[in-house]
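> below is the sequence, then the predicted model.
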Amino acid sequence: MTDENGRRDRALRRESRVRGMMLGTAVGDTLGSLRGKAPASGPLRAGVSTQLACFTVEGIIRAMVRGKHKGMCHPPSVVLHAYCRWAALQGVEVELMRRRWASGVVDGAWPDGWLAGVPALAERRGSAPATVAALSRIGGPVDRMATASRGCHGLTRSLPVAVAGTRWAGQAGEIAALTHGDPAARSASIHAALLVHHCLTHAAPDDADHFVREAMEAGIAALATTDEAATGAQPPPLAEVLQHALDQPAQPRDLARLAPDATAPSALRGGVYAAASFPGRAQFRTALEFAAGAPDGSSVACVTGALLGAAHGVEALPVDLVSRHELSWVMDTLARDLLTEVTDSPSGSEYVSGWDPYWWSRYPGW
């Protein structure tokens, strides 16, 4: 293989894995909410974790655009703006949101960006009470918005941060903490982003069925160097969870014990156990169906889908589920656009012209 062919092959594999992570998150979220039993035909509705994950990606891209054009940026603040666009589309404190944000747009057209035009993102797809409660306080001090929740949505919506690299892992915690103030939610979100990042970047061995476990072992080993002092919470015992999956895989009772509720630590533990119990490419659907049996199947299957999709790539996902998902095109487009922004900066920078004249209108840097 020539150097050029090798570079092209690596780029295609990276793109496949980013797309797989995004679409795995969405399919897992949906199948989990259906308790693992998808209807035989018809569209599959997105869950609220998927909706919020879309706006996380948009916020990350817009933060990167802002940083390159303005020279400074606080990414969690830009992502917060993204969540406010979601809230406005959902009908949450619309006038309050407009007063807070519309003054930043020349013609007052807010919410802005292409994602605001997706009809399915304006539909109610489940509840996210801690997120809604925090965003409803946008008129006050930002550092007092968060609730005391350790709910799963702070983690599930932050999973795409993994694409941006390890430097952004701490940002996953800050992004979760915008609305979920419990230190355990922040800690679990950081660890989930790091773990998914390792699944995205770990070199694939010849025996693909062992790849997921190897990637998670490497990720969990790297977690030991993460500074937990800032979070005020101990990391979930993921090494023990992974070992238990190796020793006693696919036990519904153990899944319920490891992931007993709809909190961020439960979603992470359950996702690791389910993915490690069914690590093979051909086991993707089985892993999601098993994860869906957790007490809060939606969050556990969401994490499971992200881990397996990041490891195996988009080609491993069940085609019949992906093709019927109402946000599959949106998630796939966001995955490609995020990777493009990370690697190629289509809008250029403050001093360099970009090659895509429409990128700024799609992802305004604010």
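Received the coordinates, thanks. Because the structure is a prediction, the values reported are computed rather than measured. Numbering: from 1, shown residues only.
> okay, CA-based contacts and neighbour counts for the rest of this
Fine.
> report the contact partners of Thr340.
Thr340 is in contact with Pro346, counting by Cα atoms under 8 Å, 6 or more residues apart in numbering.
> what's the distance between the helix or strand containing Ala306 and the middle of its chain?
Assigned by DSSP states H and E, Ala306 belongs to helix 297-312. Computed by Cα atoms, centre = their mean, to the nearest Å, the chain-centroid distance of helix 297-312 equals 10 Å.
> show me what that helix is packed up against.
Packing partners of helix 297-312 (3 or more Cα pairs under 8 Å, 6 or more residues apart in numbering; DSSP states H and E): helix 3-33, helix 153-156, helix 183-201, helix 211-223, helix 264-277, helix 284-291.
> helix, strand or coil for Met72?
Here Met72 is recorded as coil under DSSP: H, G, I helix; E, B strand; the rest coil.
> after the worst-scoring helix or strand of the chain on mean pLDDT, which helix or strand is next? Please name it.
Among the helices and strands of the chain, helix 211-223 carries the lowest confidence by mean pLDDT, DSSP states H and E, at a mean of 87. Counting by DSSP H and E, the next helix or strand C-terminal to helix 211-223 is helix 238-247.
> and that next one, what does it pack against?
For helix 238-247, the packing partners by 3+ Cα pairs under 8 Å, 6+ apart come out as helix 211-223, helix 264-277.
> isn't Leu31 right up against Ala301?
Yes - the criterion here is Cα atoms under 8 Å, and Leu31 meets it with Ala301 at 7.3 Å.
> more crowded one of the two?
A count of neighbours by other Cα atoms under 10 Å puts Ala301 above the other of Leu31 and Ala301, at 38 against 28.
> where in this protein is pLDDT low?
1, 204-209, 226-236 (pLDDT under 70).
> let's see 80
Scanning the chain for pLDDT under 80 picks out 1-6, 104-108, 170, 203-210, 224-236.
> so what's the residue nearest to the spatial centre of it closest to, chain neighbours aside?
Closest to where the C-alpha atoms of the chain average out (Cα atoms, centre = their mean) is Leu159, at 2.7 Å. Using Cα to Cα, 6 or more residues apart in numbering and skipping the chain neighbours, the partner closest in space to Leu159 is Ala193 (5.4 Å).
> look up how far Trp329 lies from that neighbour.
Distance check for Ala193 against Trp329: by Cα to Cα, to the nearest Å, it reads 23 Å.
> more neighbours: which of those two?
Neighbour totals were compared for Ala193 and Trp329, and Ala193 leads with 31 against 13 (other Cα under 10 Å).
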